[in-house]
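J.: missing the sequence, but the structure's below:
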């Protein structure tokens, strides 16, 4: 592959961003054209710079990596998304893939693994952490075998779940939907319960993995 692969790197920790860039030092096939500290900045940069690949952390302020990935898939379908994260849960991998990611790499990956993943993603292939993807495959197999009943949310609950997945607080959800903070909190707690999640983050991840998250 002779063309330069243009990248945008998004992570709310500057050390991680600069470390990722340093990994690619001296490799002329890659060019980091932009860096962002949250998902919204990544979205804006990608729309302006049109890179080949965007590297997203999952946990970021303003707009998390999963929310950014879904919006980028809608607005820039040819852009390839790779997650670079500490989250080694199959829930997060499934959510990332449903959000449009074709790469999923853990932050303890070696330089060789990072470069190999970028090359594979640029070539149109998937590049998924092997241990996490194996866990996900086992989970999907067990889920299909169990015939578990699907989770059903009302249109309002799906709307609330989408806002939770975007990182909004109960107060922000209330302001967005024109309801009180208390009512927003009740909706969020009901959604968490229906999804069998332990907290808001797990509810968001499971909702995305199950295809229940809608944009508001």
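T.: Nice, I can see it. Since this is a predicted model, take the numbers as computed values, not measurements. Numbering: from 1, shown residues only.
J.: low-confidence ranges in this structure?
T.: Across the chain, the ranges flagged by pLDDT under 70 are 1-2, 130-131, 133-149, 214-216.
J.: mind running it again at 80?
T.: Applying pLDDT under 80 to the chain flags residues 1-2, 89, 129-151, 166-167, 196-199, 201-202, 204-206, 208-211, 213-216.
J.: Pick out the residue nearest the middle of it.
T.: Of all residues in the chain, the one closest to the mean position by C-alpha atoms, centre = their mean is residue 66, 2.5 Å from it.
J.: Can you tell me the SS state at that one?
T.: Classification of residue 66 using DSSP: H, G, I helix; E, B strand; the rest coil returns helix.
J.: thought it was touching residue 95?
T.: Yes - assessed by C-beta atoms under 8 Å, residue 66 is found in contact with residue 95 at 5.6 Å. C-betas here are computed from N, CA, C, even on glycine.
J.: Could you pull out the helices in this protein for me?
T.: With DSSP state H as the criterion, the chain has helices at 14-23, 39-49, 65-75, 90-98, 111-122, 130-146, 155-165, 170-177, 181-195, 200-209.
J.: got the ones you listed as CSV, with distance to residue 31 columns?
T.: Putting the helices of the chain into CSV (distance: least, C-beta to C-beta, whole Å) gives the following:
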stretch, distance to residue 31
helix 14-23, 10
helix 39-49, 11
helix 65-75, 19
helix 90-98, 24
helix 111-122, 12
helix 130-146, 28
helix 155-165, 31
helix 170-177, 36
helix 181-195, 41
helix 200-209, 31
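J.: Which one of those helices lies nearest to residue 7?
T.: helix 111-122 (7.5 Å; C-beta to C-beta).
J.: Packing partners of the closest one?
T.: The contact analysis (3 or more C-beta pairs under 8 Å, 6 or more residues apart in numbering; DSSP states H and E) places helix 111-122 against strand 5-10, helix 14-23, strand 53-56, strand 80-85, strand 103-106, strand 127-128.
J.: per the record, what domains does the protein have?
T.: Here the domain parsing of the chain from automatic domain parsing is 5-142, 155-209.
J.: which ones are touching the closest residue to the residue nearest to the centre of the chain other than its chain neighbours?
T.: Leaving aside its chain neighbours, residue 66 sits nearest to residue 99 (4.8 Å; criterion: C-beta to C-beta, 6 or more residues apart in numbering). Contacts of residue 99 were listed using C-beta atoms under 8 Å, 6 or more residues apart in numbering, and they are 66, 67, 69, 70, 73, 81, 208.
J.: Type out the ChimeraX command that picks the buried ones from these.
T.: Selecting only the buried entries of these in ChimeraX, with 16 or more other C-beta atoms under 10 Å as the criterion:
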select :66,67,69,70,81,208
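J.: Could you point out which of the contacts of residue 99 is nearest to residue 33?
T.: Nearest to residue 33 among the contacts of residue 99 is residue 81, at 15.6 Å by C-beta to C-beta.
J.: if I look at residue 171, how far off is residue 183?
T.: Using C-beta to C-beta, to the nearest Å, residue 171 is found at 11 Å from residue 183.
J.: do residue 43 as well
T.: With the distance defined as C-beta to C-beta, residue 43 ends up 29 Å from residue 183.
J.: rewinding a little: shared neighbours of residue 66 and residue 95, which are they?
T.: Residues touching both residue 66 and residue 95 (C-beta under 8 Å, 6+ apart) are 204, 205, 208.
J.: picking that back up, need the contacts of residue 99 in JSON lines (columns: distance to residue 12).
T.: Formatted as JSON lines, those follow (distance: C-beta to C-beta, whole Å):
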{"residue": "66", "distance to residue 12": "14"}
{"residue": "67", "distance to residue 12": "14"}
{"residue": "69", "distance to residue 12": "15"}
{"residue": "70", "distance to residue 12": "18"}
{"residue": "73", "distance to residue 12": "21"}
{"residue": "81", "distance to residue 12": "17"}
{"residue": "208", "distance to residue 12": "19"}
